[in-house]
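Colleague: Model the structure of this input:
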Amino acid sequence: MNTARPSRSGPRPAFTFLELVVVIAIMAILAGSVIPAISGMDDARGAAAAQEVQRRLQHARQHALAIGEATGLRLTIETGAFELITKRPGGLPQTARDALGMPAATWHLPVAFPGVSLAGVTHTNGNSGNGTIWFSFEGEPQTRDADGGTPVAATNDAVITLSNARAITVRRLSGLVELD
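Modeller: Okay, the predicted model is just below:
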């Protein structure tokens, strides 16, 4: 007796139109739930970037109070670089030292927070662009010349604006650093 299976010579099974529609609908639902999550991550990254800039300004102010020397945060808009610098009386500005006595590292906003950059900086004298936001040894905001000399009390609030429209303000009278 022959026990061989009969062979199928008809078409191979395939997806039906209904199965394809169901798969496409499931993929659309999944995509619809992922896009808002990605948008939420961008918002969180922007908020974290603004908080980090605020923290760095507060650190510059506290550094000035702690060491008794004028301290500034030098900002370069094109690269998003933040450099902590100090100025001793009669000397030129130099990179500040960290707790171990090593030069403080320059921090780059776009490296730490991809997609976020510096959109603009308004200084305590009303000028815009690259420059340094200075704090006196008493923690008060100041305007200084390019060599860090000739300190003058701030006449305006300093404002750092990020590409995500968040702003960080240094109040001219108190030195308070706040997010807007």
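
Colleague: show me where this protein has helices.
Modeller: With helices called from DSSP state H, the chain shows them at 17-67, 109-112.

Colleague: Show me what the shortest one is packed against.
Modeller: Using 3 or more CB pairs under 8 Å, 6 or more residues apart in numbering; DSSP states H and E as the contact criterion, the elements in contact with helix 109-112 are helix 17-67. Placement of C-beta: from N, CA and C, glycine included.

Colleague: How far off centre is the helix it packs on?
Modeller: Remark: helix 17-67 is offset 13 Å from the chain centroid, using CA atoms, centre = their mean, to the nearest Å.

Colleague: where does the nearest residue to residue 140 once chain neighbours are set aside land on pLDDT?
Modeller: Nearest residue to residue 140, sequence neighbours excluded (CB to CB, 6 or more residues apart in numbering): residue 175, at 5.4 Å. On pLDDT, residue 175 comes in at 93.

Colleague: OK, contacts around residue 50?
Modeller: Shown in contact with residue 50 (CB atoms under 8 Å, 6 or more residues apart in numbering): 162, 164, 166-168, 179.

Colleague: what's the answer for residue 48, then?
Modeller: residue 113.

Colleague: Now do it against residue 115, distance only.
Modeller: Going from residue 48 to residue 115 by CB to CB, to the nearest Å gives 11 Å.

Colleague: now for the helices of the chain, which one comes closest to residue 158?
Modeller: helix 17-67 (8.4 Å; CB to CB).

Colleague: now this structure, which segments are flagged as low pLDDT?
Modeller: 1-12, 37, 39 (pLDDT under 70).

Colleague: can you rerun that using 80?
Modeller: 1-15, 33-42 (pLDDT under 80).

Colleague: Centroid-nearest residue for it?
Modeller: For the chain, the residue nearest the mean C-alpha position is residue 49 (3.1 Å; CA atoms, centre = their mean).

Colleague: I'd guessed that one sits against residue 112; true?
Modeller: Yes: at 7.4 Å, residue 49 counts as touching residue 112 under the criterion of CB atoms under 8 Å.

Colleague: any shared contact partners between the two?
Modeller: Counting by CB under 8 Å, 6+ apart, nothing touches both residue 49 and residue 112.

Colleague: Out of the contacts of residue 50, flag the one nearest to residue 123.
Modeller: For the contacts of residue 50, the closest approach to residue 123 (CB to CB) belongs to residue 168, at 13.1 Å.
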